[in-house]
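1. quick one, structure for this:
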Amino acid sequence: MKPTEWLRANKDNYTTPKEIIEACIEATGTTYDSAKSQLQRVRRQEGFAPVNPHPITFTQSYDMKQSIGLSESELRAKFDINFIVQQAAQKLEKGTFLSEAEFIKLCNLRGMSGYRSVIDHPDFKDFRGRAGGQTYWSHPESIQKLKNEGVLT
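-> Presented below is the predicted three-dimensional model:
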């Protein structure tokens with residue numbers, strides 16, 4: 001008897017897909033993968049959903065309240081350009097200088113309207129300096145050090 005015929009005749013005698021597949025293998029001598037695909041084919045033809053002999057189960061519980069909506073800081077991190085620039089500027093490391101283009105890319109500001117007025121705002125003057133016609137961003141101590149040495153203006 002072919003696996004498909006056997007599965008059609010015996011599918012109601014078992015409770016789990018794994019039991020059906022194992023019994024089909026024993027009765028027809030087919031392989032596991034073949035029995036599994038034949039069972040899925042039979043169930044699809046008869047209007048059942050495909051069978052997964054290794055179902056995924058989720059045991060970790062979580063608080064629905066935490067997973068719904070955005071916090072204020074998450075919302076600001078997505079849309080508040082001033083917040084985004086301020087967070088990135090505070091993370092700048094001493095001794096590492098980014099060109100303005102690199103800093104804009106780091107903040108992911110391209111495509112956001114109004115970012116130029118934010119990065120040019122006086123609140124961020126301690127984080128930037130100019131050299132060779134280009135603006136560089138870094139930790140305020142590094143910027144001040146090079147300004148004192150005359151490297152940056």
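2. after the helix or strand of the chain with the lowest mean pLDDT, which helix or strand is next?
-> Of all helical and strand segments in the chain, the minimum by mean pLDDT, DSSP states H and E falls on helix 64-67, at a mean of 57. Per DSSP states H and E, the first helix or strand lying C-terminal to helix 64-67 is helix 72-79.
3. low-confidence bits of the chain, can you list those?
-> By pLDDT under 70, the low-scoring segments of the chain are 47-67.
4. do you know how far the nearest residue to Phe103 once chain neighbours are set aside is from Thr15?
-> Once flanking residues are discounted, Phe103 sits nearest to Trp137: 4.3 Å by C-beta to C-beta, 6 or more residues apart in numbering. C-beta here means a position set from N, CA and C on the backbone, and glycine is covered the same way. Look at Trp137 and Thr15: by C-beta to C-beta, to the nearest Å, they are 64 Å apart.
5. can you report how many residues lie near the residue nearest to Phe103?
-> 25 (other C-beta atoms under 10 Å).
6. what sits opposite it in the beta ladder?
-> Trp137 has these beta-bridge partners by DSSP bridges: Leu98, Arg128.
7. look up how far Ile84 lies from it.
-> From Trp137 over to Ile84 the distance is 13 Å, taken as C-beta to C-beta.
8. kindly report the same for Leu98.
-> From Leu98 across to Ile84, the span is 15 Å (C-beta to C-beta).
9. from what I see, Ile143 and Glu149 are in contact.
-> No. Counting by C-beta atoms under 8 Å, Ile143 does not reach Glu149; the two are 11.0 Å apart.
10. neighbour count for the two, which is higher?
-> Using other C-beta under 10 Å, the more surrounded residue of Ile143 and Glu149 is Ile143, with 22 against 8.
11. and the helix or strand hosting that one, how far out from the chain's middle?
-> Element membership for Ile143 (DSSP H and E) is helix 140-148. From the chain centre to the centre of helix 140-148 is a distance of 37 Å (C-alpha atoms, centre = their mean, to the nearest Å).
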